[in-house]
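Asks: fold the following, please.
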Amino acid sequence: MATDKSAETRKLEGKLDALVNLVTQLAQSGVNEHHEAYAASIYNKPLQE
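Replies: Next up is the predicted model:
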């Protein structure tokens with residue numbers, strides 16, 4: 001049972017590493033800033049009646 005848990009732990013750690021790498025790449029490319037600006041423009045848009 002201990003070996004199964006170790007394999008699951010390694011698999012989870014690998015997925016976490018991939019996620020951290022993705023978030024880091026997105027942050028470095030400025031994609032996050034674009035999403036914030038887009039969300040702000042939607043939020044500040046006047047209502048159309």
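Asks: so where is the protein shaky, pLDDT-wise?
Replies: The model of the chain has pLDDT under 70 over residues 1-3, 30-35, 49.
Asks: residue nearest the centroid of it?
Replies: V23 (4.8 Å; C-alpha atoms, centre = their mean).
Asks: could you give the number of residues near A27?
Replies: 11 (other C-beta atoms under 10 Å). In this view, the C-beta of every residue, glycine as well, is placed from N, C-alpha and C.
Asks: run the chain-centre distance for the longest helix seen in the chain.
Replies: In the chain, assigned by DSSP state H, the helix with the most residues is helix 2-29. Its chain's C-alpha centre and that of helix 2-29 lie 12 Å apart, by C-alpha atoms, centre = their mean, to the nearest Å.
Asks: and it, what's buried?
Replies: Of the residues in helix 2-29, none is buried under the neighbour-count criterion (16 or more other C-beta atoms under 10 Å).
Asks: quick check: phi and psi on L47?
Replies: With angles defined as degrees, to the nearest 10, L47 sits at phi -70, psi 140.
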